[in-house]
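S.K.: Please find the sequence and the predicted model below.
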Amino acid sequence: MSTTLPLIPAKRYFTIGEVSELCDVKPYVLRYWEQEFGQLRPVKRKGNRRYYQHHEILLIRKIRGLLYDQGFTISGARVKLGDQISAAPREDRVNEDAGEIGTEQSPSGNKSDLAEPANNLAVADELRLLLGMLNPEK
């Protein structure tokens, strides 16, 4: 059942319909996977609309590959993804003492899976601004 999936466009947020087309998975399946895979947490905005980011699309494609192409069960895929994520070094923690943002990684731990570096810098700038708003004494 391995099909060639379309390239992921360079944009920040994707609707559930767009992700459905990009990953060849029905929207109701995506909503179900959100319940089954704790790593999959799209941003929810007005009206409970879901907006997925680039790293979540990569995760969905990985889940799809495990379930549809490799024949994993949901619990088996959950264990496999948990092993991969816990084995990958995480550098995306906020250093609370210094107020600095670490480098971002995708759920697979591969930096090559990330969107454009310019997008990462914009996100880091937004996070610094938010951190400054939360800690005004610094």
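M.R.: Looks like it arrived, so ask away. Nothing here was measured: the structure is a model prediction, and the numbers come from that model.
S.K.: Would you map the strands across this protein?
M.R.: Along the chain, the stretches classed as strands by DSSP state E are 14-15, 43-45, 49-52, 94-95, 100-101.
S.K.: now for the longest one, which elements pack on it?
M.R.: Contacts defined by 3 or more CB pairs under 8 Å, 6 or more residues apart in numbering; DSSP states H and E place strand 49-52 against strand 14-15, helix 16-23, strand 43-45. C-beta: built from backbone N, CA, C; applies to glycine.
S.K.: Which of the ones you listed has the lowest mean pLDDT?
M.R.: Of all the helices and strands packed on strand 49-52, mean pLDDT reaches its minimum on strand 43-45 (a mean of 91).
S.K.: Need the CA coordinates for the longest helix along the chain. PDB is fine.
M.R.: In the chain, assigned by DSSP state H, the helix with the most residues is helix 117-134. Provided in PDB are the C-alpha atoms of helix 117-134 (Å, rounded to 0.1, in the frame of the first residue of the first chain):
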ATOM      1  CA  PRO A 117      15.600  27.400   9.000                       C
ATOM      2  CA  ALA A 118      14.100  30.900   8.600                       C
ATOM      3  CA  ASN A 119      10.800  29.500  10.000                       C
ATOM      4  CA  ASN A 120      12.700  28.100  13.000                       C
ATOM      5  CA  LEU A 121      14.200  31.500  13.700                       C
ATOM      6  CA  ALA A 122      10.900  33.200  13.600                       C
ATOM      7  CA  VAL A 123       9.400  30.600  16.000                       C
ATOM      8  CA  ALA A 124      12.400  31.100  18.300                       C
ATOM      9  CA  ASP A 125      11.900  34.900  18.200                       C
ATOM     10  CA  GLU A 126       8.200  34.500  19.100                       C
ATOM     11  CA  LEU A 127       9.100  32.200  22.000                       C
ATOM     12  CA  ARG A 128      11.700  34.600  23.300                       C
ATOM     13  CA  LEU A 129       9.100  37.400  23.200                       C
ATOM     14  CA  LEU A 130       6.600  35.200  25.100                       C
ATOM     15  CA  LEU A 131       9.200  34.200  27.600                       C
ATOM     16  CA  GLY A 132       9.900  37.900  28.200                       C
ATOM     17  CA  MET A 133       6.200  38.600  28.700                       C
ATOM     18  CA  LEU A 134       6.000  35.800  31.300                       C
END
